[in-house]
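Trainee: Turn this into a structure:
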Amino acid sequence: MTETLSLRAKIEQSPMGAYQWMIVVMAAIMNLLDGFDVLALAFTATAIRGEFGLTGVELGYLLSAGLFGMTAGSLFLAPLADKIGRRPLLLMAVSLSAIGMLGSAFISQYQWLGFWRVITGLGVGGILVGTNVITSEYSSRKWRSFAISVYAAGFGIGAVLGGMFAVMLQGEYGWRSVFLAGAILTGLLLVVLFIWLPESIDFLTSKQPKNAEVRLNLIAKRIGLDGDWKLPEKMEKIKTKLPISQLFSEKYLHSTLLIWTAFFAIMFSFYFISSWTPALLKEAGMTTEQSVSVGMMISLGGTCGALIYGLLASRWTARSVLILFTILSSAAIITFIL
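Mentor: Reported below is the predicted structural model:
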């Protein structure tokens with residue numbers, strides 16, 4: 001009889017099969033559509049501003065609405081994964097993203113666009129907190145860094161494709177067609193995920209929902225690890241939760257502040273540059289096509305950077321590679337400004 005608790009260890013030690021790479025690809029496509037959905041407004045901002053006569057402040061609110069939704073999705077949807085599972089959470093999040101994009105395509109007032117951007121952001125936030133776990137869980141130890149970099153590269157690819165769609169569709173059908181295209185693509189992805197996306201193995205073994213053992217063996221068979229996998233004995237839930245205040249205790253305060261500050265600074269810079277570059281370059285005198293193309297190049301660089309990071313991190317420590325990339329990014333931004 002197979003040792004149930006060693007299934008994750010077996011996945012880590014075994015070569016990755018076609019189904020595991022398919023899971024990585026599905027995660028990358030989810031991240032790809034995240035990039036498309038998040039930056040769709042950045043690529044259509046000039047046209048939207050012209051149609052509704054928006055001020056810079058009002059446009060800023062619209063650009064921030066999606067990011068606000070992402071924050072809320074990450075904070076409030078993520079905890080649901082431990083109760084309902086990763087798969088239902090991702091299906092829910094992708095559905096919200098598709099609905100938000102569809103609603104954005106048919107608004108008559110810019111305030112409604114802000115509302116639908118929040119809904120889109122909720123979905124994107126839920127996707128972001130689910131896909132990285134699924135990718136890591138179904139990857140072998142040997143290929144995990146590369147698999148995560150492939151998944152991460154999806155965001156930049158989606159942003160590049162979003163820019164291409166924006167250039168092609170806006171001139172022919174108007175800015176609304178960009179959001180409609182995003183809604184259709186996200187809806188098609190939802191169908192693919194419903195058919196092929198598996199549940200988290202950790203969720204099945206720890207929470208043990210209905211038919212968990214059958215689902216566990218089906219997943220193992222798809223991976224190529226056939227066997228009589230049994231669920232471990234379900235342990236009584238022990239109340240060992242640590243309060244969040246522990247992060248601010250004397251032991252962890254220094255590390256907590258440094259990590260939070262670094263992550264906030266990087267995310268602030270990334271989304272600020274990605275969201276505002278096309279609109280600001282248009283005001284500086286570029287055509288819409290030129291400004292969008294520059295925005296696409298930022299995302300294309302991000303895609304290449306994610307892949308290169310994955311390769312380098314398999315040879316050197318992730319910390320060293322991250323510091324190097326941060327320094328190079330800062331130098332690139334300063335050069336661009338000058």
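
Trainee: got the CA coordinates for stretch 268-280 in PDB?
Mentor: Listed next in PDB are the C-alpha coordinates belonging to stretch 268-280 (Å, rounded to 0.1, in the frame of the first residue of the first chain):
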ATOM      1  CA  PHE A 268       4.100  50.400  -6.200                       C
ATOM      2  CA  SER A 269       6.800  51.100  -8.800                       C
ATOM      3  CA  PHE A 270       5.700  48.300 -11.100                       C
ATOM      4  CA  TYR A 271       2.000  49.200 -11.200                       C
ATOM      5  CA  PHE A 272       2.700  52.900 -11.300                       C
ATOM      6  CA  ILE A 273       5.000  52.600 -14.300                       C
ATOM      7  CA  SER A 274       2.900  50.000 -16.100                       C
ATOM      8  CA  SER A 275      -0.400  52.000 -15.600                       C
ATOM      9  CA  TRP A 276       0.700  55.500 -16.300                       C
ATOM     10  CA  THR A 277       3.500  55.200 -18.900                       C
ATOM     11  CA  PRO A 278       1.200  55.000 -22.000                       C
ATOM     12  CA  ALA A 279      -1.000  57.900 -20.900                       C
ATOM     13  CA  LEU A 280       2.000  60.100 -20.000                       C
END
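
Trainee: can you list the residues that contact it?
Mentor: Contacts to stretch 268-280, defined as CB atoms under 8 Å, 6 or more residues apart in numbering, come from residues 38-39, 41-43, 45-46, 49, 59, 63, 67, 159, 291-292, 294-295, 298-299, 329, 333. C-beta: built from backbone N, CA, C; applies to glycine.

Trainee: Pull out the buried positions in that stretch.
Mentor: For stretch 268-280, burial by neighbour count (16 or more other CB atoms under 10 Å) applies to 271, 273, 274, 275, 276, 277, 278, 279.

Trainee: Helices - which of those residues land there?
Mentor: In helices, judged by DSSP state H, the following of those are found: 271, 273, 274, 275, 276, 277, 278, 279.

Trainee: And the pLDDT at the third one?
Mentor: According to the per-residue confidence, residue 274 scores 81 in pLDDT.

Trainee: Next: the first one.
Mentor: We note a pLDDT of 81 for residue 271 in this prediction.

Trainee: swap in the last one?
Mentor: According to the predicted model, the pLDDT of residue 279 comes to 82.

Trainee: how about stretch 171-183 as CSV, C-alpha atoms only?
Mentor: Output of stretch 171-183 as CSV, limited to C-alpha atoms (Å, rounded to 0.1, in the frame of the first residue of the first chain):
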residue,chain,number,x,y,z
GLY,A,171,-8.5,51.8,-34.3
GLU,A,172,-11.1,49.5,-35.9
TYR,A,173,-13.8,49.0,-33.2
GLY,A,174,-13.1,51.4,-30.4
TRP,A,175,-11.7,51.0,-26.9
ARG,A,176,-14.7,48.9,-25.7
SER,A,177,-13.7,46.0,-28.0
VAL,A,178,-10.4,45.6,-25.9
PHE,A,179,-12.4,44.8,-22.8
LEU,A,180,-14.9,42.6,-24.7
ALA,A,181,-12.0,40.6,-26.1
GLY,A,182,-10.6,40.2,-22.6
ALA,A,183,-14.0,39.0,-21.3
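
Trainee: re the thing from before, now, which of the ones in helices among the buried residues of stretch 268-280 sits nearest residue 110?
Mentor: Set against residue 110, the nearest of those by CB to CB is residue 279 (14.7 Å).

Trainee: buried ones in stretch 79-91?
Mentor: 80, 81, 85, 86, 87, 88, 89, 90, 91.

Trainee: Can you tell me which of those residues end up in helices?
Mentor: Among these, the members found in helices (DSSP H) are 81, 86, 87, 88, 89, 90, 91.

Trainee: Per-residue pLDDT of residue 163, please?
Mentor: At residue 163, the pLDDT recorded in the model is 78.

Trainee: residues near it, how many?
Mentor: When counting by other CB atoms under 10 Å, one arrives at 29 neighbours for residue 163.

Trainee: tell me the contacts of the closest residue to it other than its chain neighbours?
Mentor: Excluding the flanking residues, the one nearest residue 163 by CB to CB, 6 or more residues apart in numbering is residue 296, at 3.5 Å. By CB under 8 Å, 6+ apart, the residues touching residue 296 are 159, 160, 163, 164.

Trainee: Go ahead and confirm residue 286 touches residue 294.
Mentor: Yes. The pair residue 286 and residue 294 passes the contact test of CB atoms under 8 Å, sitting 7.5 Å apart.
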